[in-house]
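Peer 1: with the input below, show me the fold.
(chains A, B, C and D)
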Number of protein chains: 2
Amino acid sequence: MPRPSEPTRERIIQAASALFYNEGIRRVSVDEVAARAGLTKRTLYYHFRSKDDLVAAYLAARDQPNLALFRKWFAEADGGLPTKVEAIFRNLARSARHPKWKGCGFLRTSAELANMPGHPAIKIGAAHKKKFEDWLRTTFAAEGIADPLKLARQMLLLLDGSFAVVLLHRDASYMETAGEAARTLIEIELAGRRKRAGR
Amino acid sequence: MPRPSEPTRERIIQAASALFYNEGIRRVSVDEVAARAGLTKRTLYYHFRSKDDLVAAYLAARDQPNLALFRKWFAEADGGLPTKVEAIFRNLARSARHPKWKGCGFLRTSAELANMPGHPAIKIGAAHKKKFEDWLRTTFAAEGIADPLKLARQMLLLLDGSFAVVLLHRDASYMETAGEAARTLIEIELAGRRKRAGR
DNA sequence: TTGTGTATATTCACTGGTTGGTATACATAT
DNA sequence: ATATGTATACCAACCAGTGAATATACACAA
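Peer 2: The predicted model follows:
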């Protein structure tokens, strides 16, 4: 049975994702991941050098799909910029109401591994959030926002804040409150743009 | 040596605080806590029924001091409401620049124990954040803000968002961005109040 | 003052189970 | 025959929690 290889690696990551996200990194043993993937620990260690590598791979696999989802929610929403950003929070609220939802895997991992600042998984999480911020900044800049970086970071703060608060209180309505705050902040900036354009 | 008792319990909590906050909950063993407190694990288990209880006690001990600090920063700041709230974020940024800073203990614990929704430590964390929200809501209400709860929650979202983002990126400047956003949102609400008062 | 009982506080030694990681051998495809 | 992939069995360390014994302080009685 030596053939699978690439699919095997993928299967391991899928098993790791489900377990790490649902139970936490340190709570889940390598044996458990291997068992869920339907193979032995030794095989897993053939495909990944260490548990740390596996954790990093788990987050790396979530990077693009996650960003794509945000872009999709943004693109599909009708209306102006504030409405399109607010749509992200609204869709997120819907996700967060699912019982299996347990916050943002990137943030939870960085919280759990906060004592290992250089951990590869934390780097991947930081890069992920930076990509999201960059996407927002570019989008805002295209709309003529005066300080697109500031606004993008404010959105990021509201987004990650809602991840944290909703996880703690198990009350997804905070996500809609965050969306409303995001809308308000964007409208302020848009008003500033209009004012400058009118001179 | 049977006398200490209360001081002993306190010493255990202090040892647990340092270890749990710096290394994480599941990373730290009960033996380590006991060793740091200068006693045997068995003695620790005389004062606390389980590790879960100890974790809860660790957070409970941080509840009041933490809130008191926020109130102090708010009270000591000169200026109007927006400035006083912004002062909280400014002071937090200063704390976050210390190398030993590792985010909000309440949020990190809730992230690490997200797979145990009923865990006593999570309840304490939720209560802590609720107290903070209540304090802000009361403060805003006394200033005549029209929707003090909404504004308080927006502040909470920015605060916890900055905890999460700063922990991930190790860049405390996000905290000042959050303070600026907080100021903006408060000023909007104050403008609304003035408008209504002018009728 | 001295002896004694008792609740409180603490220690030593232990258990049953888990953990990340590995040495070695074996199977398959080319 | 060689590189790739998988399995069995194992290790040394660690971990939450416990059983049994013991030490101390203090209340009370003689």
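Peer 1: contacting residues for residue A:30?
Peer 2: A:41, A:44, A:45, A:51, A:54 (CB atoms under 8 Å, 6 or more residues apart in numbering or on different chains). C-beta coordinates here come from the backbone N, C-alpha and C atoms, glycine included.
Peer 1: now the third one: which helix or strand?
Peer 2: Same thing as residue A:45. Using DSSP states H and E, residue A:45 falls within helix A:41-47.
Peer 1: what's the next helix or strand after that helix packed up against?
Peer 2: Remark: after helix A:41-47, the chain's next helix or strand is helix A:51-76, criterion DSSP H and E. Judged by 3 or more CB pairs under 8 Å, 6 or more residues apart in numbering or on different chains; DSSP states H and E, helix A:51-76 is in contact with helix A:6-23, helix A:30-37, helix A:81-97, helix A:105-112, helix A:120-142.
Peer 1: kindly calculate the angle that the fourth one makes with helix A:120-142.
Peer 2: Pointing back at helix A:105-112 there. Relative orientation of helix A:105-112 versus helix A:120-142 (axes from the mean of the first three to the mean of the last three CA atoms, to 10 degrees): 130 degrees.
Peer 1: which strands and helices sit next to helix A:105-112?
Peer 2: On a contact count with 3+ CB pairs under 8 Å, 6+ apart, helix A:105-112 meets helix A:6-23, helix A:51-76, helix A:120-142, helix A:148-169, helix B:105-112, helix B:148-169.
Peer 1: and residue A:36, how close does it get to chain B?
Peer 2: 15 Å (CB to the nearest CB, to the nearest Å).
Peer 1: could you turn the buried ones of the contacts of residue A:30 into a ChimeraX selection?
Peer 2: Here is the ChimeraX command that selects the buried residues among the contacts of residue A:30 (16 or more other CB atoms under 10 Å in any protein chain shown):
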select /A:44,51,54
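Peer 1: what's in contact with stretch A:64-73?
Peer 2: Taking CB under 8 Å, 6+ apart as the rule, stretch A:64-73 contacts A:87, A:88, A:91, A:128, A:131, A:132, A:135.
Peer 1: and whichever residue of chain A sits closest to chain B, how many residues sit next to it?
Peer 2: When CB to the nearest CB is the measure, chain A has its nearest residue to chain B at residue A:161, with 2.7 Å between them. Residue A:161 is flanked by 30 other residues according to other CB atoms under 10 Å in any protein chain shown.
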